[in-house]
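Novice: Next come a sequence and a model predicted from it.
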Amino acid sequence: MNKKSVYFIIGAIVISLGLFGIYFMVQQNGNKVIVRSYNKVYGEYDLRKDQTITVDVAGDYNIIEIKNGTVDVIESNCDNQICVYDLPISKDTPGIIVCLPHELIVEIEE
């Protein structure tokens, strides 16, 4: 094997590792659900894991469902229920869900 072949193989390996690193970083973006309540982070949750979260602060509660990569408020004891009727959010349909009476914000971190 001559020097050019060795340099070519080393270069190909370095480029492959760089592309793998970029791919891995891109896959991590937008996979975290951030829930804020009363201007504080209540919790961070994995968008890829189906789960139900109950946010209960001083008797004000919202139930958030993460399922199949979407996030939705499925129940709340607020007066207007706007957060419950909001459309679910996902990486493909970005946005936020807000419950003004409970000062709750649900968003997907980019």
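Specialist: Sure, I can see it.

Novice: can you list the domain ranges for this structure.
Specialist: Listed by automatic domain parsing, the domain ranges of the chain are 1-29, 31-109.

Novice: quick one: average pLDDT of the shortest one?
Specialist: Regarding domain 1-29, the rounded mean pLDDT is 67.

Novice: got the end-to-end distance for stretch 60-75?
Specialist: Distance between the two ends of stretch 60-75: 11 Å, counting by C-alpha to C-alpha, to the nearest Å.

Novice: what is the mean pLDDT for that stretch?
Specialist: Regarding stretch 60-75, the rounded mean pLDDT is 96.

Novice: So what's the gap between that stretch and the chain middle?
Specialist: Its chain's average C-alpha position is 12 Å from that of stretch 60-75, according to C-alpha atoms, centre = their mean, to the nearest Å.

Novice: Grab the nearest non-local neighbour of the most centrally placed residue in the chain.
Specialist: When C-alpha atoms, centre = their mean is applied to the chain, the residue found nearest the centroid is Lys32 (2.7 Å). Leaving aside its sequence neighbours, Lys32 sits nearest to Glu109 (C-beta to C-beta, 6 or more residues apart in numbering; 4.4 Å). Every C-beta, even on glycine, is put in place using the N, C-alpha and C of the backbone.

Novice: Thanks a lot, see you next time.
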